[in-house]
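[1] A predicted structure for the sequence below; I have some questions about it.
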Amino acid sequence: MPSAKNSTLMLVAIRFPETDDFEGSSARAPNPPPSFSNTFMANRKDIKCVRALGAGYEGTEDCLVVNVFTPTIDNTRQLSVMVWVKGKEFDQVNDHELYFGNFVEKDVVVVSLNYRESILGFLCLGTETAPGNAGLKDIIAGLRWVKENIAQFGGNPNDITLVGHGSGAAAVDLVTMSPMAIGLVNKAIAQSGNALSPWAVSRDNLEYAVQVAEALGHVITNIEDLSEIFRRTSVAALMGVINDLDLTDNSLAFAPCLERESLEGAEPFLIKSPYEILQNGEFLRIPFMIGYVDNEGTIRSEEAIEDDWLSRMDESFNEFLQPDLQFATLTQQTEVAQRIRARYFENNPIDMDHIDNYIAYHGDTMILVSALREVRLRVMASNSPVYVYQFSYKGSLGESFVGPLSVNGAAHSEELAYMFFDANDNQISDRDLAVGDIIIERWTNFAKSDNEIIDEATLEVHVQNPHPVTMTFWDDIYADHFLDAEGIWEWTERDEDEDDGTGEGSGEGVEEGSGEGIEEGSGDGIEEGSEEGSGEDIDGDEDEATDSASSAVGYTFSIITLFAVLNKFHCSQMLS
């Protein structure tokens, strides 16, 4: 088998309309790639999609390429394929180079793909020029290319695993919920992000578009105004404004949205909310792995240090509530905010002395709670295997991912260091190498087989009901205040006092657990390579979940460490 350095690398470009500025076409779904009659020189590694950067931006609109990494030039091998979806909150998805040689050495073909980001990929106006979810449709286009061409690179077009991290994980999860993905994906892995994350799907697809337009000096009276403004505005001007947006509720300025179903001539990617899709079982019935690290809240460490979020949260906690909550009145919002603050900070000030509490709050609300909510919904509605992991290892490889805060355990993105390290670096410790090997082995085993991905000898602890105290607390909050995603297609000028963050005027939310208008497990689902089945009804109590990945009423949970004693990881951490 070739070493990582000797692995065959091929870069294959999927080209789309090239534009020098934002002319409307950039927010549409991509066109099919052109045909080439001559040899195509796939030798560029520096192609990045446009993204905000500092006071400006980098990248190009002509960015839609796939990169193919393969251990063989034998097109008869039919190796399992892993497609990597980059992510960093949908607007910085090309942040760093990844080293795929470690995976290629396990005899899989790896494909990475670009997709449009920020306003170019996720402007959602429900119009012909900006129907929404262009970035997700780029991923679908990339998967279609893989399906049609990967056999020429030694890959099996019927064995494709989609993998993503952060917003890339949310994108992966959303792909499994789209009818556009039928026949394109056979398994999926979502790392530190999911479709139920409060930031993953917009609750108001017009709000930040209007803010950007107004910051450019325009008065908005209807959606068509927005379409025309953005058609005439340069990318540089747009990115300059987006850089200045202050989003304390952890929402994203431009994110996936529920599309306008009646829009003529546009194939929608998503028309129902992820919550509704999960409740109805209307997702691809494929093996699914989802997980997180134990300190996800470090994703907001930079804001704590550079943007003064600690003192701002201390003064006005309401402003930092996640966007998937709604309240009848400002008084009710304040009461719930005080309840949440007491849960995480007790009677303490929110300052650097309580940074661990700050990290716990943002980690729970942005990633962990939504991941475990989704697991429950998936196992209720489908008999396809669901695997859950927690990465808790603290080594030296991941130090560059920690940011300005020192934490115990693993920081957001830290597991990537153990997936994409340079195996030829002699400075890496044996312990770090062993942890990296465990992750890579499990991920590639998952890609190669629907079952038997867990080596029981490497598990330190089995957990059937992870984080029960945290989940019970948030179950109570969401039961009364969950705001589901929706599409908004009419804009009227809003008074400053009209939208006080309470969710008034934004439509009714879905009361979690009520099942109103939805019969659990009754959806037809999107079947892909499995027998039709609606899943069994089960008690929603997590304590009843079994430890069988192949059961419709349970899931497998694993804590990925090397040795608990070396990692100083204690099972008690899973009890809160």
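    Nice, thanks for sending it over.
[2] before we move on, what SS does the residue lying closest to Leu113 once chain neighbours are set aside have?
    Leaving aside its chain neighbours, Leu113 sits nearest to Gly142 (3.9 Å; criterion: Cβ to Cβ, 6 or more residues apart in numbering). For every residue, glycine as well, the C-beta is placed using N, CA and C. Assigned by DSSP: H, G, I helix; E, B strand; the rest coil, the conformation of Gly142 is helix.
[3] report the contact partners of Gly142.
    14, 64, 66, 83, 111, 113, 115 (Cβ atoms under 8 Å, 6 or more residues apart in numbering).
[4] now Gly135
    Here Gly135 is in contact with 90, 115-117, 120-122, 171, 256 (criterion: Cβ under 8 Å, 6+ apart).
[5] point out where the stretch 1-150 of the chain drops to low pLDDT.
    Along the stretch 1-150 of the chain, segments meeting pLDDT under 70 span 1-46, 50, 52-60, 88-98.
[6] can you do 90?
    1-77, 86-102, 112-121, 125-131 (pLDDT under 90).
[7] correct me, but Ala188 touches Phe288?
    Yes. Using Cβ atoms under 8 Å, Ala188 is in contact with Phe288, at 5.3 Å.
[8] please enumerate the helices of the stretch 1-150 of the chain.
    101-104, 118-122, 134-149 (DSSP state H, counting those that start in this stretch).
[9] how about those in CSV, adding distance to Asp308?
    Output for the helices of the stretch 1-150 of the chain, formatted as CSV (distance: least, Cβ to Cβ, whole Å):
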stretch, distance to Asp308
helix 101-104, 39
helix 118-122, 24
helix 134-149, 31
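[10] least trustworthy helix or strand in the protein by mean pLDDT?
    In the chain, no helix or strand scores lower on mean pLDDT, DSSP states H and E than helix 564-567, which sits at a mean of 29.
[11] and Ala141, how far from Asn280?
    Separation of Ala141 from Asn280 (Cβ to Cβ, to the nearest Å): 27 Å.
[12] sorry, slip of the keys, the one I care about is Ala371.
    20 Å.
[13] helix or strand: which one has Leu397?
    Here Leu397, judged by DSSP states H and E, is contained in no helix and no strand.
[14] that older thread, which of the helices of the stretch 1-150 of the chain sits closest to Tyr344?
    helix 118-122 (30.1 Å; Cβ to Cβ).
[15] buried residues in that closest one, which are they?
    118-122 (16 or more other Cβ atoms under 10 Å).
[16] what ranges do the helices span in the stretch 201-350 of the chain?
    With DSSP H, counting those that start in this stretch as the criterion, the stretch 201-350 of the chain has helices spanning 207-215, 223-232, 235-242, 274-280, 301-306, 309-315, 330-345.
[17] can you add mean pLDDT, mean neighbour count and distance to Lys106 and give these back as a markdown table?
    Below are these laid out as a markdown table (pLDDT from 0 to 100; neighbours: other Cβ atoms under 10 Å; distance: least, Cβ to Cβ, whole Å):
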| stretch | mean pLDDT | mean neighbour count | distance to Lys106 |
| --- | --- | --- | --- |
| helix 207-215 | 89 | 19 | 41 |
| helix 223-232 | 82 | 18 | 44 |
| helix 235-242 | 82 | 20 | 39 |
| helix 274-280 | 95 | 23 | 31 |
| helix 301-306 | 86 | 17 | 33 |
| helix 309-315 | 94 | 17 | 40 |
| helix 330-345 | 96 | 16 | 40 |
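[18] of those, which is nearest Ala411?
    helix 301-306 (7.7 Å).
[19] and the host helix or strand of Ala434, what's its mean pLDDT?
    Here Ala434, judged by DSSP H and E, is contained in helix 430-448. Averaging pLDDT along helix 430-448 yields 90.
[20] next, the angle helix 330-345 makes with the helix or strand just after that helix.
    Next along the chain after helix 430-448, taking DSSP H and E as the criterion, comes helix 468-481. On the basis of axes from the mean of the first three to the mean of the last three Cα atoms, to 10 degrees, helix 468-481 is oriented at 170 degrees to helix 330-345.
[21] kindly reformat the helices of the stretch 201-350 of the chain as CSV and extend each row with distance to Leu377.
    Below are the helices of the stretch 201-350 of the chain laid out as CSV (distance: least, Cβ to Cβ, whole Å):
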stretch, distance to Leu377
helix 207-215, 27
helix 223-232, 33
helix 235-242, 33
helix 274-280, 4
helix 301-306, 30
helix 309-315, 30
helix 330-345, 23
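[22] between the ones you listed, which one is nearest to Val388?
    Closest among those, using Cβ to Cβ: helix 274-280, at 15.0 Å.
[23] right, and Tyr292 touches Ser392 too?
    No. Counting by Cβ under 8 Å, Tyr292 does not reach Ser392; the two are 9.9 Å apart.
[24] higher neighbour count, those two?
    Using other Cβ atoms under 10 Å as the criterion, Tyr292 and Ser392 rank with Tyr292 on top: 30 against 25.
[25] partner residues bridging the more buried one?
    Gln390 (DSSP bridges).
[26] check what pLDDT it gets.
    94.
[27] that one and Asn424: what is the separation?
    With Cβ to Cβ as the criterion, Tyr292 and Asn424 are 30 Å apart.
[28] now do Leu368
    Applying Cβ to Cβ to Leu368 and Asn424 gives a distance of 35 Å.
[29] who's more crowded, the two?
    Leu368 (27 against 11).
[30] from the contacts of Gly142, which land in strands?
    Among the contacts of Gly142, the members found in strands (DSSP state E) are 66, 83, 111, 113.
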